[in-house]
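K.L.:
need coordinates for the below:
(one chain, ligands or ions: 1)
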Amino acid sequence: MTDMEPRRDEEFENFLQSWKIFSGDLSLVGAEDRLKPQDPFSPPDDAMDIDGEHTYHLTIMEGGKPEIIAKLKQIKVLALTCMDWRFANSYYDHIQEESARSQDEILFVGVGGGAVQLPEERQEALLNILGFISRNAPELEKVYLSGHTHRCGAVAHWLHAEKGELPKELGPQKGGVVEIEKMGDMLKAGTEKLKAVFRPEVLVESDLLSLDRIDERGRKTTITLNRLP
Ligand SMILES: [Zn+2]
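P.N.:
Coordinates of the predicted model:
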């Protein structure tokens with residue numbers, strides 16, 4: 001029995017544990033009751049629930065190790081984005097179109113802030129998560145890291161902004177030049193850190209997402225991607 005005895009897999013335990021830090025992210029934006037748990041192996045679906053309330057696409061990673069490893073083997077594209085409903089669907093559509101990959105080949109992770117993480121323990125957790133994914137996704141070709149303007153609720157929370165307002169550091173106007181510049185800097189910093197976990201041949205893109213238009217009836221938003229150099 002000794003040879004067959006399963007050893008405690010610290011790497012996988014660590015991976016699962018790292019997700020837990022993000023499980024309460026809806027409280028960052030006061031949306032505890034508006035969760036759309038998102039399986040990272042599926043596209044984000046409708047941006048509103050049946051009552052017309054917007055929901056947030058927080059990734060919940062579930063399943064045992066063999067199942068998760070089997071799915072990771074198939075992925076060619078990985079995206080990390082904010083759970084903000086205004087950006088998730090449109091960004092996914094863009095990625096699918098640009099990469100020309102099927103749903104099984106795209107892993108789409110949504111957490112508060114996306115690639116912009118101010119608390120250090122969250123940066124560490126993301127490094128763990130993306131590192132595990134990277135080591136177990138031999139076919140991975142491309143990574144999309146993103147953050148967004150027009151008030152990221154997570155960033156507003158970390159910078160102690162008033163409800164609905166931009167943090168003072170990000171200027172007076174949502175989507176304005178100061179917010180674009182500062183969020184761009186934060187995304188750049190996040191990208192530099194996260195990039196390190198991927199093999200050199202994996203292409204890492206960094207997108208600052210801006211909001212152009214919200215069509216409430218069509219439940220669609222139009223976004224612009226500002227690709228960071
Ligand atoms: Zn956000």
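K.L.:
check whether the longest strand along the chain contacts the ion.
P.N.:
Longest strand in the chain, counting residues (DSSP state E): strand 203-215. No. Using Cβ under 5 Å from the ion, strand 203-215 stays clear of the ion, coming no nearer than 9.1 Å. C-betas here are computed from N, CA, C, even on glycine.
K.L.:
can you list the strands that that strand pairs with?
P.N.:
Strand 203-215 pairs in its sheet with strand 142-148 (parallel), strand 220-227 (antiparallel), by DSSP bridges.
K.L.:
quick one: that strand to chain centroid distance?
P.N.:
Relative to the mean C-alpha coordinate of its chain, strand 203-215 is positioned 12 Å out (Cα atoms, centre = their mean, to the nearest Å).
K.L.:
average pLDDT across it?
P.N.:
The pLDDT scores in strand 203-215 average 90.
K.L.:
wait, which of the strands paired with strand 203-215 is closest to S206?
P.N.:
strand 142-148 (4.9 Å; Cβ to Cβ).
K.L.:
tell me where the chain has helices.
P.N.:
10-20, 65-74, 85-99, 120-136, 153-158, 177-195 (DSSP state H).
K.L.:
who does the second one touch, helix- and strand-wise?
P.N.:
I take that to be helix 65-74. helix 120-136 (3 or more Cβ pairs under 8 Å, 6 or more residues apart in numbering; DSSP states H and E).
K.L.:
circling back to that earlier point, just so I know, which of the helices of the chain lies nearest the ion?
P.N.:
helix 153-158 (5.1 Å; Cβ to the ion).
K.L.:
what comes into contact with that closest one?
P.N.:
25, 28-31, 82, 84, 112-113, 116, 118-119, 147, 165-167, 170, 183, 186 (Cβ atoms under 8 Å, 6 or more residues apart in numbering).
K.L.:
give me the buried subset of the residues you listed.
P.N.:
25, 28-29, 31, 82, 84, 112-113, 116, 147, 166-167, 170, 183, 186 (16 or more other Cβ atoms under 10 Å).
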